[in-house]
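Participant: Predicted model, plus sequence, below.
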2 protein chains.
Amino acid sequence: MEMKDLKGTTKILKAAADEGRLRMLMLLHCRPGVCVCEIKKVIGLSQPTISSHLRLLESAGLVESQKEGLWVNYRLAQDMDQEAKTIIGLLHARLKEDPQIKEDLKKIQKTDRHAICKR
Amino acid sequence: MEMKDLKGTTKILKAAADEGRLRMLMLLHCRPGVCVCEIKKVIGLSQPTISSHLRLLESAGLVESQKEGLWVNYRLAQDMDQEAKTIIGLLHARLKEDPQIKEDLKKIQKTDRHAICKR
DNA sequence: CTTATATATTTAGATATGTCAATATAGTTT
DNA sequence: AAACTATATTGACATATCTAAATATATAAG
């Protein structure tokens, strides 16, 4: 899908325009390669909801994934277009002092995926 | 409302994340001070829908208005924070070649509000 | 003051979105 | 292969969003 036109740009904005997904984007920006388990642990939504958000972000071209055994590691899409990258950078600059975002980033640092999973 | 935190930023993104409102933002970016009539003429949605979108954009701090007789003129909010301004600039750079946006801007240039109104 | 006009608000209905429980799938371990 | 685990998908439901018709409000003009 062409993302540079009106519809595609709207899709990108919609993808970012949700509190949970925005938190996830900030998480992936600061911690590339986290798995669904870890994201779930930090964000606190159900696993299906996390997966569904990730799928939406992926279909907007903001996120990509790679399998690693049972885990699926997510990161910001490397081939994201420049404006989208810039916007995510701006959002991070804007939100890095937000209490919720700070808490999320603190949590992810303390997180060991081997300890977290099996649940 | 504080717009720099997570909730406020989400609100701004939601405001921009609609095809009609994004077109309206681009219109206001290029043509500050257009009235509801003119916006309606260009975008092609009903007057209540246009008004409702404008209210939402205003409540997100992206747009401001000034009365002029019967007309209400809208423009991008002068006191918008820097990141929001930057994002709108990026969106314009991205969308200025989009056919729909080009058509909108062409239409607004040909538009005379005195001719348009009375309907 | 009555009529007309531009915009806002209310109301209602259709569609989209966010969420989770249940289930399916795919890979790992024993 | 059987049991287990991480993730994806499906189904269902509640809420939010988009839209326009009808109505209200505010200003202007006659």
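Facilitator: That came through, no problem. Numbers count the residues shown, from 1 in each chain, chains lettered A, B, ... in the order given.
Participant: Show me which residues of chain A are close to DNA strand D?
Facilitator: A:35-37, A:40, A:47-48, A:51-52, A:54-55, A:65, A:70-72, A:117-119 (CB under 7 Å from any atom of the strand). C-beta: built from backbone N, CA, C; applies to glycine.
Participant: Enumerate every residue touching A:Cys34.
Facilitator: Residue A:34: Val, not Cys. The contact partners of A:Val34, taken as CB atoms under 8 Å, 6 or more residues apart in numbering or on different chains, are A:27-28, A:73-74, A:108, A:113.
Participant: per-residue confidence for A:Lys118?
Facilitator: Per-residue confidence (pLDDT) for A:Lys118: 68.
Participant: sorry, back to before: quick one: which of the residues of chain A next to DNA strand D sit in strands?
Facilitator: A:35, A:65, A:71-72 (DSSP state E).
Participant: Mind putting these into JSON lines with pLDDT, neighbour count and distance to B:Lys14?
Facilitator: Converted to JSON lines, these look like this (pLDDT from 0 to 100; neighbours: other CB atoms under 10 Å in any protein chain shown; distance: CB to CB, whole Å):
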{"residue": "A:Cys35", "pLDDT": "98", "neighbour count": "21", "distance to B:Lys14": "28"}
{"residue": "A:Ser65", "pLDDT": "98", "neighbour count": "18", "distance to B:Lys14": "26"}
{"residue": "A:Trp71", "pLDDT": "98", "neighbour count": "17", "distance to B:Lys14": "32"}
{"residue": "A:Val72", "pLDDT": "98", "neighbour count": "15", "distance to B:Lys14": "28"}
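Participant: Which residue ranges of chain A form strands?
Facilitator: Under DSSP E, chain A gives strands at A:34-35, A:63-68, A:71-76.
Participant: residues from chain A in reach of DNA strand C?
Facilitator: Residues of chain A lying near DNA strand C (CB under 7 Å from any atom of the strand): A:14, A:17-21, A:45-49, A:52-53, A:56, A:67, A:69-70.
Participant: A:Glu19 and B:Lys7 touch, don't they?
Facilitator: Yes - counting by CB atoms under 8 Å, A:Glu19 touches B:Lys7, with 6.9 Å between them.
Participant: mind listing what A:Ala93 touches?
Facilitator: Neighbours of A:Ala93 in contact, by CB under 8 Å, 6+ apart: B:Glu83.
Participant: ok, back up a step: farthest pair within the contacts of A:Val34?
Facilitator: Of all pairs drawn from these, the widest gap by CB to CB lies between A:Leu28 and A:Arg113 and measures 14.7 Å.
Participant: more crowded one of the two?
Facilitator: Legend: neighbour count by other CB atoms under 10 Å in any protein chain shown for A:Leu28 and A:Arg113, higher for A:Leu28 (24 against 14).
Participant: so who does the nearest residue in space to the more buried one that is not next to it in sequence touch?
Facilitator: Ranked by CB to CB, 6 or more residues apart in numbering or on different chains and with sequence neighbours excluded, the top spatial neighbour of A:Leu28 is A:Leu76, at 5.1 Å. Neighbour list for A:Leu76: A:25, A:28-29, A:32, A:62-64, A:85, A:88 [criterion: CB under 8 Å, 6+ apart].
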